[in-house]
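Asks: Everything below, folded, please.
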Amino acid sequence: MRIGVLTFPGSLDDVDAARAVRLAGGAPVPLWHGDHDLKDVDAVVLPGGFSYGDYLRAGAIAARSPLMQDVVTAARQGLPVLGICNGFQVLCEAGLLPGALTRNSHLHFRNRDQVLQVERADTAWTADYAAGQRIVIPVKNGEGRYVGSPADLDRLEGENRVVFRYVDGNPNGSSRDIAGVASENGRVVGLMPHPEHAVEDLTGPSTDGLGFFTSILKAVVNA
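Replies: Residues are numbered from 1 along each chain as shown. This is a model prediction of the structure:
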């Protein structure tokens, strides 16, 4: 399976995401923000970093890049997309996911290992987890506070689109401890923590992040 990893100016974790895809058994395919070519990939990962230096708003410029136009069109036709940290910001700015990511409530950058609770294990990116499972994934962000109007948050909850919640402390003040959300069809998922940094015992706090990448390979096969 060919999993595209999109690189913007300022991306930091594209190589890590590609490695995670490879460890899961997939074939990572590099994608460049300025192209109009998805290279016939089966899914796309938008990695973490500081695309375009986080000017205007984090993810705002990247969301309007040439290749993101193609990603948006393909995602609306069912292409699975995962947005990690800055990638989550890009997905919200592009309108593929609801809500917005703003400055952390305490106005400090947070970098730590974070416990998450899996709320949904039936998306394209979470099928190798169990609902209610707790996993440890690193978090590192300065603009990771997920916000939305009370009505929008109620709708997300009612539609069961909250995929992850922070446990044992909320690192950024996100509304209702939300760490990640999904599109209506569960094919597009965004989260602030970094699963690509939890795929090997040698370097990660756990291997809990590998499930994202094994899940999508199975989802592609079963599509």
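
Asks: CA only for contacts and neighbour counts going forward, please
Replies: Fine.

Asks: you'd agree Leu107 is in a helix?
Replies: No. Leu107: not assigned to a helix; according to DSSP: H, G, I helix; E, B strand; the rest coil it is coil.

Asks: pretty sure it is touching Gly142, no?
Replies: Yes. Using CA atoms under 8 Å, Leu107 is in contact with Gly142, at 7.2 Å.

Asks: between these two, which one's more packed in?
Replies: Neighbour tally, Leu107 and Gly142, criterion other CA atoms under 10 Å: the higher count belongs to Gly142, 19 against 12.

Asks: That one: what's its closest spatial neighbour, skipping adjacent residues?
Replies: The shortest distance from Gly142 to any non-neighbouring residue, by CA to CA, 6 or more residues apart in numbering, is to Phe109 (4.2 Å).

Asks: Quick check, pLDDT for that neighbour.
Replies: Looking at Phe109, its pLDDT reads 93.

Asks: Could you do Asn222 as well?
Replies: For Asn222, the model assigns a pLDDT of 87.

Asks: how far does the longest helix along the chain sit from the chain's center?
Replies: Secondary structure assigned by DSSP state H gives helix 210-222 as the longest helix of the chain. Distance of helix 210-222 from the chain centroid (CA atoms, centre = their mean, to the nearest Å) equals 14 Å.

Asks: That one: which residues count as buried?
Replies: Neighbour-count burial for helix 210-222, counted by 16 or more other CA atoms under 10 Å, picks out Leu210, Gly211, Phe212, Phe213, Thr214, Ser215, Ile216, Leu217, Ala219, Val220.

Asks: Setting aside sequence neighbours, what's the nearest residue to the second one?
Replies: In this case it means Gly211. Asp128 (5.5 Å).
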